[in-house]
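**Q** Return atomic coordinates for the entry below.
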Amino acid sequence: MWCLVCCNKEEMQKMKNLGSIGSSGRLSIEECEDDQISKLPISTFQSKEEEIERKKIEVREKVELQLGRAEEETRRLAHIWEELEVLDDPLRKEVAIVRKKIDLAIRDLKPLGQNYQKKEKEYKEALEAFNEKNKEKSHLVSTLVELLTESERQRMKKLEELCKTIESLSRKQ
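**A** Coordinates of the predicted model:
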């Protein structure tokens with residue numbers, strides 16, 4: 001129980017020295033260490049989540065930058081196209097081919113962006129489900145600790161009663 005209030009080993013040692021923790025002090029320290037160990041993967045997960053979020057923002061910025069470049073290129077090519085039509089340039093067909101390829105690239109970017117948004121939504125839903133299950137697990141672990149503590153207390157009480165009964169029987173003889 002004391003581990004939930006303070007998981008610092010020095011504070012636990014002070015409490016032991018003061019006599020406020022009995023024989024179950026080792027269990028509390030182990031529970032505290034287990035709790036600290038279980039926090040390590042959570043912090044690792046959170047740092048990975050932050051890294052994923054940064055990379056996601058970088059990808060989004062790159063996609064937006066590419067879209068801007070593609071639009072700018074389309075405008076430039078349209079202007080060039082107009083100039084070529086005026087000049088009846090012999091490279092007119094090659095420019096038309098390049099322009100079509102740019103248009104295809106722009107069309108290809110749109111479903112990629114939609115796919116990205118869909119995956120991002122799925123990721124957020126999975127993260128939310130993970131966090132819910134993790135909270136549920138934490139609650140169950142704390143319930144288990146409480147039940148084990150109560151069980152130990154009841155067993156100790158029963159043992160004390162049995163010892164008293166044995167002592168009273170041995171006095172009568």
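
**Q** got the buried residues for stretch 141-154?
**A** residue 145 (16 or more other C-beta atoms under 10 Å). C-betas here are computed from N, CA, C, even on glycine.

**Q** where's it relative to the chain centroid, distance-wise?
**A** Relative to the chain's own centre, stretch 141-154 is displaced by 29 Å; criterion: C-alpha atoms, centre = their mean, to the nearest Å.

**Q** Stretch 157-173 too?
**A** 55 Å.

**Q** same check, this time on stretch 74-93
**A** 53 Å.

**Q** Need the contact partners of it.
**A** Residues outside stretch 74-93 that contact it (C-beta atoms under 8 Å, 6 or more residues apart in numbering) are 95-96, 98-99, 102-103, 106.

**Q** Mind doing that once more with 7 Å?
**A** 95, 98-99, 102, 106 (C-beta atoms under 7 Å, 6 or more residues apart in numbering).

**Q** which of these lies closest to residue 114?
**A** Nearest to residue 114 out of the contacts of stretch 74-93 is residue 106 (C-beta to C-beta; 13.7 Å).

**Q** residue contacts, that closest one?
**A** Here residue 106 is in contact with 70, 74 (C-beta under 7 Å, 6+ apart).

**Q** give me that answer again for 10 Å
**A** 66-67, 70-71, 73-74 (C-beta atoms under 10 Å, 6 or more residues apart in numbering).

**Q** ok, of these, which come out buried?
**A** residue 70.

**Q** Pipe the contacts of residue 106 into CSV and attach distance to residue 41, secondary structure and pLDDT per row.
**A** As requested, those are arranged in CSV below (distance: C-beta to C-beta, whole Å; DSSP: H, G, I helix; E, B strand; the rest coil; pLDDT from 0 to 100):
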residue, distance to residue 41, secondary structure, pLDDT
66, 36, helix, 93
67, 38, helix, 91
70, 42, helix, 91
71, 44, helix, 93
73, 46, helix, 92
74, 48, helix, 92
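
**Q** pLDDT on the helix or strand containing residue 94, on average?
**A** Using DSSP states H and E, residue 94 maps to helix 92-172. The average pLDDT for helix 92-172 rounds to 93.

**Q** just to revisit the earlier point, between which two of the contacts of stretch 74-93 is the distance greatest?
**A** Once C-beta to C-beta is applied, the contacts of stretch 74-93 give 95 and 106 as the farthest pair, at 16.5 Å.

**Q** Please produce a PyMOL select command covering the buried subset of the contacts of stretch 74-93.
**A** The PyMOL command for the buried members of the contacts of stretch 74-93 (criterion: 16+ other C-beta under 10 Å) is given here:
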select buried, resi 95+99+102
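
**Q** Show residues contacting stretch 118-137.
**A** 38, 42, 45, 49, 52-53, 56, 59-60.

**Q** just those residues now: which is nearest residue 160?
**A** Distances from residue 160 to the contacts of stretch 118-137, taken by C-beta to C-beta, are shortest for residue 38, at 34.2 Å.
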